[in-house]
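> fold the following for me, if possible:
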Amino acid sequence: MLAEIITIGDEILIGQIIDSNSAWIAQQLNAIGIRVKQISSVSDDRQHILTALAEAKNRADIILITGGLGPTKDDITKTTIAEYFGVGMVQNAEALENVSRIFAKYNRPLLEVNIRQADIPENCEVIINNNGTAPGMWFNHEGKIYVSMPGVPHEMMYMMEETVIPKLKATFDLPAIVHKTILTVGEGESFLAEKIADIESSLPAHIKLAYLPKLGSVRLRLSAFGNDEAALHNEADMYAAQLIKRIGRSVVTDVDVPIEKAILDEMGAQNLTLTVAESCTGGFISHLFTQHPGSSKVFLGGAVSYAYELKESILGVTNETLWGHGAVSKETVIEMVEGALRNFKSDYAIAVTGVAGPDGGTDDKPVGTVWIAVANSQKTFAHKFVFGKKRMQNIERTAITAMGMLIKLLRGNVSVD
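You can find the predicted model right below:
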């Protein structure tokens with residue numbers, strides 16, 4: 001079963017907002033065995049919308065549309081969909097009652113423009129919006145399902161979860177789909193592909209392997225399709241075990257979580273604590289950890305020590321080290337990580353210092369030069385990396401690489417130096 005997602009709105013095409021709806025919808029569809037064939041974004045233009053719908057019909061069985069359902073003149077999705085189906089508009093009593101209830105709740109006058117939100121194409125089944133005034137619409141036309149929903153993310157999400165997903169499951173005999181994800185760090189996509197080429201070639205036709213690279217890490221996702229969900233789980237687990245054994249130390253986890261959550265879970269299970277001493281990442285590592293509920297069990301905090309003075313006063317880096325070797329040096333990062341371990345009283349610590357860019361580089365320390373150190377009470381390891389010239393990419397890569405080093409230290413893989 002194939003689906004297409006169409007997002008409508010000039011604000012997406014000019015970059016004013018990021019289309020997070022499509023990614024979320026695709027995840028929900030994939031979880032119930034519906035594969036997304038294409039994602040399209042079109043402007044608030046009648047002909048663009050008509051063309052997108054006509055083209056989607058030839059590619060997919062299910063077409064999900066978000067956006068353009070508001071009360072203003074630029075919101076033309078409903079009337080354009082009615083034109084596409086060749087039907088008129090009618091006022092829906094249930095939708096009007098919902099709009100009236102919401103305006104009465106907030107003691108606001110119900111204007112004519114708001115009343116018109118209850119107007120819908122006459123061939124649709126209304127999906128009541130329990131979190132807003134714009135109703136959703138379900139169409140069953142010539143063997144295809146079309147669903148139009150508001151572009152406001154929380155309204156769309158509730159509508160999908162409460163109504164659209166259950167209706168899709170009731171309408172179609174959907175196959176089972178099972179995903180198994182392996183997170184790796186420290187090895188590039190092409191190197192991994194070569195390393196596991198024979199395993200990938202041995203996969204049966206109903207199991208696919210996808211490579212999902214990010215800065216400093218690669219996620220491998222096995223997707224198994226079929227009718228027997230239990231058997232698919234067993235197969236996916238079997239092939240995942242082969243991949244993990246082959247890849248070895250670069251594997252972080254076989255659970256679909258980001259690296260920082262894997263660290264929190266692993267350290268939490270061992271009642272271990274962590275602190276950080278950040279310079280070039282400016283608190284980004286701390287942000288990654290603290291975005292997860294329950295992180296305080298492991299993550300105690302740390303210091304963002306940009307200036308020499310803070311490296312000295314908070315972390316205990318000596319003045320002689322800073323002026324003799326510079327802030328971006330092995331000597332400094334070792335004193336930073338050991339100072340964090342000592343002063344913040346944690347079991348493990350991470351320290352990073354570098355030239356994030358785009359300025360500030362020198363001949364011997366070009367932009368992208370980063371020193372990373374990890375430590376516990378028995379061992380300290382430091383390593384120099386030279387990344388690229390883009391500031392945010394350097395910050396992200398530094399954070400992921402530092403956490404990869406910490407994973408290796410946690411597991412006794414001491415070849416991180």
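> when you work out contacts or count neighbours from here on, use the C-alpha atoms and nothing else.
OK.
> buried ones in stretch 115-127?
115-124, 126-127 (16 or more other CA atoms under 10 Å).
> format these as a markdown table; extra columns: distance to residue 21, pLDDT and secondary structure.
What follows is these, written out as a markdown table (distance: CA to CA, whole Å; pLDDT from 0 to 100; DSSP: H, G, I helix; E, B strand; the rest coil):
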| residue | distance to residue 21 | pLDDT | secondary structure |
| --- | --- | --- | --- |
| 115 | 26 | 91 | helix |
| 116 | 25 | 89 | helix |
| 117 | 22 | 90 | helix |
| 118 | 23 | 93 | helix |
| 119 | 24 | 95 | strand |
| 120 | 23 | 95 | strand |
| 121 | 24 | 97 | strand |
| 122 | 27 | 96 | coil |
| 123 | 25 | 97 | coil |
| 124 | 22 | 96 | coil |
| 126 | 21 | 96 | strand |
| 127 | 18 | 96 | strand |
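> and the two most separated of those residues?
115 and 123 (19.4 Å; CA to CA).
> now residue 283, nearest residue through space, not along the chain?
If the residues on either side of it in the chain are set aside, residue 283 comes closest to residue 304, at 5.9 Å by CA to CA, 6 or more residues apart in numbering.
> for the helix-or-strand element of the chain with minimal mean pLDDT, packing partners?
When the helices and strands of the chain are scored by mean pLDDT, DSSP states H and E, helix 112-115 comes last with a mean of 88. The elements that helix 112-115 packs onto, with contact taken as 3 or more CA pairs under 8 Å, 6 or more residues apart in numbering; DSSP states H and E, are helix 93-105.
> run the last query once more with 6 Å
Contacts defined by 3 or more CA pairs under 6 Å, 6 or more residues apart in numbering; DSSP states H and E place helix 112-115 against no helix or strand at all.
> run the chain-centre distance for that helix.
37 Å (CA atoms, centre = their mean, to the nearest Å).
> that helix: which residues count as buried?
Quick answer for helix 112-115 (16+ other CA under 10 Å): 114-115.
> ok, residues contacting it?
residue 71 (CA atoms under 6 Å, 6 or more residues apart in numbering).
> same thing but 7 Å
Contact with helix 112-115 is made by 71, 96, as judged by CA atoms under 7 Å, 6 or more residues apart in numbering.
> just the helices in the stretch 51-200 of the chain please.
77-85, 93-105, 112-115, 153-159, 165-171, 189-195, 197-201 (DSSP state H, counting those that start in this stretch).
> just to revisit the earlier point, okay, the buried residues of stretch 115-127 in CSV with distance to residue 402 next?
What follows is those, written out as CSV (distance: CA to CA, whole Å):
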residue, distance to residue 402
115, 56
116, 55
117, 52
118, 54
119, 55
120, 54
121, 55
122, 58
123, 57
124, 53
126, 51
127, 48
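> of these, just say which sits nearest to residue 316.
Distances from residue 316 to the buried residues of stretch 115-127, taken by CA to CA, are shortest for residue 127, at 61.9 Å.
> which SSE is residue 370 in?
strand 369-375 (DSSP states H and E).
> against which helices or strands is that strand packed?
helix 330-344, strand 348-354, strand 380-386, helix 391-410 (3 or more CA pairs under 7 Å, 6 or more residues apart in numbering; DSSP states H and E).
> how much space separates residue 369 from residue 122?
63 Å (CA to CA, to the nearest Å).
> now swap in residue 38 and tell me
Taking CA to CA, one finds residue 38 at 28 Å from residue 122.
> residue 238: how many residues sit nearby?
11 (other CA atoms under 10 Å).
> look at it and report its pLDDT.
On the pLDDT scale, residue 238 is placed at 98.
> spell out the secondary structure type for it.
helix (DSSP: H, G, I helix; E, B strand; the rest coil).
> show me the domain layout of this protein.
2-171, 176-253, 259-410 (automatic domain parsing).
> how about the strands of the stretch 151-300 of the chain, start to end?
Ranges of strands within the stretch 151-300 of the chain are 176-185, 207-214, 217-226, 251-253, 274-278, 299-304, based on DSSP state E, counting those that start in this stretch.
> residues in contact with the first one?
Just to be clear, that refers to strand 176-185. 31-33, 216-229, 232-233, 236, 250-256, 404.
> repeat that for the shortest one.
Applying CA under 7 Å, 6+ apart, the set of residues contacting strand 251-253 from outside is 182-185, 244, 262.
> reformat the residues you listed as TSV; add neighbour count.
Listed next are those as TSV, based on neighbours: other CA atoms under 10 Å:
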residue	neighbour count
182	21
183	23
184	26
185	24
244	19
262	19
